[in-house]
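Chemist: Provide a 3D model corresponding to the input given below.
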Amino acid sequence: MSPDAQPISTTRYGSNAGQPLTRRDGLLKVTGRATYAADNHPEGMLYAVYAGATIARGRVTSLDVAAAKAHPGVIEVWTPDNRPPLSHDPDAKLPPFGFRIEALQSDRVRYANQPIALVIAETLEAATEGAALLHPQYEVDEARTELDNGQMFDPPSVGVGGQPRSAFGDVEAGLKAATVAIEAEYETPAQYHNAMEPHAVVAVWEGDKLTLDMPNQALVMSCGLYASYFGIPPENVVIRSPFLGGGFGSKAIINGPQILGILAARALKRPVKLVLTRAQMYGPVGHRGRTWQTLRMGADAEGRLTALHHSAISATSSHDDFLEPAANASTHLYASPAILSEHRGLRLDIGTPGPMRAPGEASGSAALEIAVDELAEACGVDPLEFRLKNYAETEPGSGRPYSSKALRECYAEGARRFGWASRPLQPRMMRDADGFLVGWGMGTALFPCPMFPAEARATIRAHGKALIETAGADMGQGAWTALAQIGAEALGLAPDDVEFHSGLSTLPDGGIAGGSGHTASAGAALAGAGKDAIARLTDLATSDPASPLYGAGNIGVVARGGRLHRRDDDSRSESYGEILARAGGQDIVGTAQSARDPAAAASHAMYSHGAVFAEVKIDPTLGQIRTTRMVGAFAAGRIINPRLVESQYFGGMIWGASFALHEEALHDPRTGRIMNADLAEYHVPVNADIPSLEAILIPEDDAYVNSIGVKGVGEIGITGTVGAIANAIWHATGVRVRKFPIRIEDILGGL
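Modeler: Model prediction:
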């Protein structure tokens, strides 16, 4: 099957954007016919396996290369001593999302699981066994994995180019003037991407042209990055990525193992496949960095904020600078006359963190939403009432109006559906029929609305149906379906009459599938391309004397149901096929580029908003915590496919439950190795942990955010949920836990 083909039709409940169509790719996935990167097996393919460091800091002193090479089926073994050269220094960053990587450039070990050798063999088994035979020996330095032994520094930026400090107003004066004030410390753990599909690459060279089958969130951008490492033009690189088994941010970043696999294919002149094991996902491919956060907040006698100070220490690697921008979560949400957010970095002997599903907002809002509840408690005010008292009518600091903001409606409808009005103010006041302690908590959800430059092409074919194309990525969020709906709407066609090609870097650049901005970015480009194609078709018809639309150029036409209709006389219409047949059967091609209007971006603050309400039940004897119910209400502009959006909200809320109660990477303080680098011990929710979920889609129109009025929905569900669960645990027990994940031992002493 061609990787950019769309072999199936949709099962539809409607025909336009805004309808809950089922996934175009659903049948392929559930029947096992979807082709992921590692499913490709070109003729003559070799297998590459990297050997990972078993220490976190030091130097490799020896490897038994002879033993590995002697193993049957092993073709080659690379170490820093014999790895072929690259055209780009792995320790030099490449914009815009460049990281320093490990590609056997030296014998230094900077973190556990770092590649220290590469074994290439005829079979996966031979490569794996060859890597095991290397038996590395080390000169070991003490591993720095904790706050008390890391190296503190002032970062030049946080996240992807963000400011490490933001301030307006006089925080100290605001705290001094406060009637009530709180100060507390919060800690969030390191969390690792655990997409069902691990990172993989199948590399094929034909001369100086390179074809890569790989999961990738930014196809066209990545072509240029890979080309730099191998000294070839970007147009010589083709990336095929029709399906991704999850990405969460990690698959937009170049990593060392992939570079080594591609290099092996070039050096050995045979296709090479490299697939990371689950354990190898903990190290070279990014993660959410650990944070230590302090919040200082003050309020006046009426419960209105006087100051908010959010400071964060974010862990990063010893050799790079990506920091979780946690404190920035406090800069855009609550009305305060003074807000200060600031970050410091902590160098540890770990793999470099990177963007991971709501980077900054997830960890920062986890702390912020507990702190808001603590201040509400100190003021004697209901948590929802307190948030409404401090509702920001304009963006804090800048004073810009919001492009749209239906957060009040989210609060109101979420609270109504949840039954919040019957919540007692004091903790430990509710029990169920079995005697379990019951608690209710809430959190506000906020996420920005990024939009990346994107391009698309729409072709109306001679038979009247259409093809739309953009090099986008579907990580499971339903992009194939939602983007096809947008394109079909712009073309005036039913989705079944529109073929959609994506997941191939030679198509028009669909931008980056990240930051919850893919639908807005690629979707706006597809809408523009469809409108351009219709405009060209209209010119054909209205200038053709044989057409019933002849001369309607000034009056205008409407595209609907595969026909053009005069605006002033709906009975005068013509099908696309009829128009094109008279024009010689030619196809009509429309193109478009999309980008946010700079004037709108400068004049308006753009965010998605929401509110999450959570119920927990806790065994008063054992301290076992169960999240039994969650209701989330979200406002995110125009909704293209309610079914897919609801699924994204569910996923975000489940991830929030995972953050609050399950996820944590544990380091061995002796070696720096991650002790739970597998899916059995790195706990994420299973079906039994998933509560009753309800996601409410609050209507919202936004005339500024982009041409199609779409905001992001993928990550916002996490941001309110973590704090909501923590606050519910306090409400059930009276125990305030400020470290995640929350465990039985954290509350048992207070029961």
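Chemist: Could you use CA atoms for every contact and neighbour count after this?
Modeler: Noted.
Chemist: low-scoring stretches of the chain, by residue?
Modeler: The chain contains residues with pLDDT under 70 at 1-16.
Chemist: right, and the helix or strand after the longest helix along it?
Modeler: Ranked by number of residues, the top helix in the chain under DSSP state H is helix 518-542. Per DSSP states H and E, the first helix or strand lying C-terminal to helix 518-542 is strand 557-560.
Chemist: mind saving the C-alpha coords of that following strand as PDB?
Modeler: This file holds the C-alpha atoms of strand 557-560, laid out as PDB (Å, rounded to 0.1, in the frame of the first residue of the first chain):
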ATOM      1  CA  VAL A 557     -21.800  31.700  -6.500                       C
ATOM      2  CA  VAL A 558     -22.000  29.100  -3.700                       C
ATOM      3  CA  ALA A 559     -20.300  25.700  -3.700                       C
ATOM      4  CA  ARG A 560     -22.600  23.000  -2.300                       C
END
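Chemist: buried set for it?
Modeler: 557-560 (16 or more other C-alpha atoms under 10 Å).
Chemist: which residues are contacting that strand?
Modeler: For strand 557-560, contacts defined as C-alpha atoms under 8 Å, 6 or more residues apart in numbering pick out 491-493, 534, 538, 564-567.
Chemist: Could you export those as CSV, including distance to residue 711?
Modeler: Output for the contacts of strand 557-560, formatted as CSV (distance: C-alpha to C-alpha, whole Å):
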residue, distance to residue 711
491, 22
492, 23
493, 24
534, 25
538, 31
564, 30
565, 31
566, 33
567, 31
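Chemist: Skipping its backbone neighbours, what lies nearest residue 464 in space?
Modeler: residue 577 (4.3 Å; C-alpha to C-alpha, 6 or more residues apart in numbering).
Chemist: Just the element for the one you found, please.
Modeler: According to DSSP H and E, residue 577 maps onto helix 576-582.
Chemist: And residue 626, by the same measure?
Modeler: strand 625-635.
Chemist: What pairs with that strand, parallel or antiparallel?
Modeler: With DSSP bridges as the test, strand 625-635 is paired with strand 607-618 (antiparallel), strand 692-697 (parallel).
Chemist: quick one on the thing from earlier: between the contacts of strand 557-560, which is closest to residue 260?
Modeler: Using C-alpha to C-alpha, residue 491 is the member of these that lies nearest residue 260, at 44.0 Å.
Chemist: how far away is the residue lying closest to that closest one once chain neighbours are set aside from residue 483?
Modeler: Counting by C-alpha to C-alpha, 6+ apart, residue 491 lies nearest to residue 530, which is 5.0 Å off, once chain neighbours are set aside. Using C-alpha to C-alpha, to the nearest Å, residue 530 is found at 12 Å from residue 483.
Chemist: Repeat that for residue 695.
Modeler: From residue 695 across to residue 483, the span is 22 Å (C-alpha to C-alpha).
Chemist: now do residue 561
Modeler: Taking C-alpha to C-alpha, one finds residue 561 at 18 Å from residue 483.
Chemist: more neighbours, these two?
Modeler: The neighbour comparison of residue 561 against residue 483 (other C-alpha atoms under 10 Å) goes to residue 483, with 30 against 17.
Chemist: The more buried one belongs to a helix, doesn't it?
Modeler: Yes - counting by DSSP: H, G, I helix; E, B strand; the rest coil, residue 483 is found in a helix.
Chemist: what's the closest residue to it other than its chain neighbours in contact with, if anything?
Modeler: Leaving aside its sequence neighbours, residue 483 sits nearest to residue 523 (C-alpha to C-alpha, 6+ apart; 5.5 Å). Each residue near residue 523 by C-alpha under 8 Å, 6+ apart is listed here: 483, 486-487, 708.
Chemist: Alpha carbons only: can I get stretch 294-312 in CSV?
Modeler: Extracted in CSV, the C-alpha atoms of stretch 294-312 (Å, rounded to 0.1, in the frame of the first residue of the first chain):
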residue,chain,number,x,y,z
THR,A,294,7.3,27.5,45.1
LEU,A,295,4.1,29.6,45.1
ARG,A,296,3.5,32.7,47.2
MET,A,297,0.0,34.2,46.9
GLY,A,298,-1.9,36.9,48.7
ALA,A,299,-5.5,37.9,48.8
ASP,A,300,-7.4,40.8,50.3
ALA,A,301,-10.3,40.6,52.8
GLU,A,302,-12.8,40.0,49.9
GLY,A,303,-10.7,37.1,48.6
ARG,A,304,-9.2,38.9,45.6
LEU,A,305,-5.6,38.3,44.7
THR,A,306,-3.1,41.0,45.6
ALA,A,307,0.0,39.1,44.3
LEU,A,308,1.1,35.8,42.7
HIS,A,309,4.7,34.7,42.7
HIS,A,310,5.5,31.4,41.0
SER,A,311,9.1,30.2,40.9
ALA,A,312,10.4,26.9,39.6
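Chemist: So which residues of the stretch 301-450 of the chain form strands?
Modeler: Under the criterion DSSP state E, counting those that start in this stretch, the stretch 301-450 of the chain contains strands at 305-317, 339-348, 430-431, 437-448.
Chemist: Redo these as a markdown table? Include mean neighbour count and distance to residue 295.
Modeler: As requested, the strands of the stretch 301-450 of the chain are exported to a markdown table (neighbours: other C-alpha atoms under 10 Å; distance: least, C-alpha to C-alpha, whole Å):
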| stretch | mean neighbour count | distance to residue 295 |
| --- | --- | --- |
| strand 305-317 | 27 | 5 |
| strand 339-348 | 24 | 9 |
| strand 430-431 | 17 | 29 |
| strand 437-448 | 28 | 16 |
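Chemist: buried set for the host helix or strand of residue 183?
Modeler: Here residue 183 sits within strand 180-188, counting by DSSP H and E. Across strand 180-188, burial judged by 16+ other C-alpha under 10 Å covers 180-182, 185-188.
Chemist: between the residues you listed, which is nearest residue 109?
Modeler: Of all the buried residues of strand 180-188, residue 109 sits closest to residue 188, with 26.0 Å by C-alpha to C-alpha.
Chemist: For residue 71, see how far away the closest residue to residue 76 other than its chain neighbours is.
Modeler: Leaving aside its chain neighbours, residue 76 sits nearest to residue 120 (5.2 Å; criterion: C-alpha to C-alpha, 6+ apart). Using C-alpha to C-alpha, we find residue 120 at a distance of 11 Å from residue 71.
Chemist: In contact with residue 155, which residues are there?
Modeler: Residue 155 neighbours (C-alpha under 8 Å, 6+ apart): 164, 321, 343-345.
Chemist: Does residue 366 touch residue 727 like I think?
Modeler: No - Residue 366 is not in contact with residue 727 according to C-alpha atoms under 8 Å; the separation is 10.1 Å.
Chemist: Could you break this structure into its assigned domains?
Modeler: Using automatic domain parsing, the domain ranges for the chain come out as 26-34+454-594, 38-142+194-281, 375-450+602-748.
Chemist: Look at the longest one and report the distance between its end residues.
Modeler: It refers to domain 375-450+602-748. Start-to-end, domain 375-450+602-748 (C-alpha to C-alpha) is 24 Å.
Chemist: just how off-centre is it within its chain?
Modeler: Chain-centre distance of domain 375-450+602-748: 17 Å, with C-alpha atoms, centre = their mean, to the nearest Å.
Chemist: just stretch 155-175 next, same as before
Modeler: For stretch 155-175, the separation from the chain centroid amounts to 24 Å (computed by C-alpha atoms, centre = their mean).
Chemist: OK, contacts around residue 746?
Modeler: Each residue near residue 746 by C-alpha under 8 Å, 6+ apart is listed here: residue 737.
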